[in-house]
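S.K.: please find the sequence and the predicted model below.
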Amino acid sequence: MTIGNREDNGKLVKVKTCGKLYIAGEYAVLISGHSAVVKNVNIYMEAKIKFSNNYKIYSDMYGYSVSLEKNEDYSLIQETVNIVNEYLYIKAIKTFPFELNIMGKMENNGKKYGIGSSGSVVILVIKAMIKLYKLKISKEEVFKLSSYILLKRGDNGSMGDLACITYESLIVYTSFDRGKVSTEIEKKSLGKIMDMDWGYSIEKLKCKEKYEFLVGWTKKPSISKDMINHVKKSINEKFLENSDRNVRELVKGIKTGNCKMIGNALDKGGKLLKNLDKSIYSNELEKLVKASDGLDIFSKSSGAGGGDCGIAVSFNKNDTEILIERWKKENIDLLYSSEL
């Protein structure tokens, strides 16, 4: 067993993780073998970590600190710490207590943005611990490890958020069979699970042209897990075929910089979701999308829907300003903007 060292006992290590939003394929990607396009949103959670005599974990989400003794608020963070410690043991690294401080709520006045806070915090803790122990691991390992943690907790998402946050990039993600991997988790060790071929794919995308990507926040929170449980039963083969075809069109449009192809794919993607289940489009999301009428902009809901955020891609800077003003009138905040 290699003994970890604490020569840098007082040295503070800093890491950060971004958020994400789905552009297309949300819901289809819940079924293994189907794809989604997911965009990194560079609103960050940050962590500071250093070795200590005792475990002390603090998040500004809760405003108080805990050790590793069971705590409902901190259960996700604590489970992540325990599993990463197990992973470090597999890598022949001796573990020590540490002090971990997490900042960045990804919310405003108690209302979440809906850009992937649980995925961000899991990956944040993994990155912090890995950097603290000076262990170099691949992005694939970070993705698998974070997915393993959420699968053990019964998460019903596609893990596309984790893929995007891990790679910190616009990606196209094809999902793995979560039921199959979850069954293997019950039977096999963490090391063997990490060595398995899970059957997913992650491809980084880069748009050939410079188009604006905008995120509008409705201020109406949505519980993704509940929305997924409600909507998933409506998914059928026709929806999956149409969604995958649309994702392929969007990916091609992004790679070639074809604004018409990108716009058509966003428009079709929104209609597919609306036809899948009416509850995906809240009144606020309807207003967010309608605000782009008559503009060289295409908008849609993002992710589970029912609230949180919608996205827009603009092909005209003047129209962007008009959209932002229209959003303001509907009490929709421009949460984030960047190049697609």
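M.R.: In hand now; what should we look at?

S.K.: all helices of the stretch 201-340 of the chain, in order?
M.R.: Here the stretch 201-340 of the chain has its helices, by DSSP state H, counting those that start in this stretch, at 224-231, 237-256, 259-276, 283-290, 317-329.

S.K.: pipe those helices into a markdown table and attach mean pLDDT per row.
M.R.: Below are these laid out as a markdown table (pLDDT from 0 to 100):
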| stretch | mean pLDDT |
| --- | --- |
| helix 224-231 | 87 |
| helix 237-256 | 98 |
| helix 259-276 | 97 |
| helix 283-290 | 96 |
| helix 317-329 | 97 |
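
S.K.: need those in JSON lines (columns: mean neighbour count and distance to residue 147).
M.R.: Yep, even glycine has a C-beta here, placed from its N, CA and C like the rest. Shown next, in JSON lines, are the helices of the stretch 201-340 of the chain (neighbours: other C-beta atoms under 10 Å; distance: least, C-beta to C-beta, whole Å):
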{"stretch": "helix 224-231", "mean neighbour count": "17", "distance to residue 147": "16"}
{"stretch": "helix 237-256", "mean neighbour count": "18", "distance to residue 147": "20"}
{"stretch": "helix 259-276", "mean neighbour count": "20", "distance to residue 147": "24"}
{"stretch": "helix 283-290", "mean neighbour count": "19", "distance to residue 147": "28"}
{"stretch": "helix 317-329", "mean neighbour count": "15", "distance to residue 147": "34"}
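
S.K.: residue 209 is nearest to which of the ones you listed?
M.R.: Evaluated over those, closeness to residue 209 peaks at helix 259-276, with 7.0 Å, by C-beta to C-beta.

S.K.: okay, the angle between that closest one and helix 237-256?
M.R.: Here helix 259-276 runs at an angle of 160 degrees relative to helix 237-256 (axes from the mean of the first three to the mean of the last three C-alpha atoms, to 10 degrees).

S.K.: next, the angle from helix 259-276 to helix 283-290.
M.R.: Using the same axes, to 10 degrees: helix 259-276 against helix 283-290 is 160 degrees.

S.K.: mind giving me the packing neighbours of helix 259-276?
M.R.: In terms of contacts (3 or more C-beta pairs under 8 Å, 6 or more residues apart in numbering; DSSP states H and E), helix 259-276 is packed against strand 13-24, helix 237-256, strand 297-301, strand 309-314.

S.K.: and if we set it to 7 Å?
M.R.: Packing partners of helix 259-276 (3 or more C-beta pairs under 7 Å, 6 or more residues apart in numbering; DSSP states H and E): helix 237-256, strand 297-301.

S.K.: just checking: what are the partner strands of the shortest one?
M.R.: When pairing is defined by DSSP bridges, strand 297-301 lines up against strand 309-314 (antiparallel).
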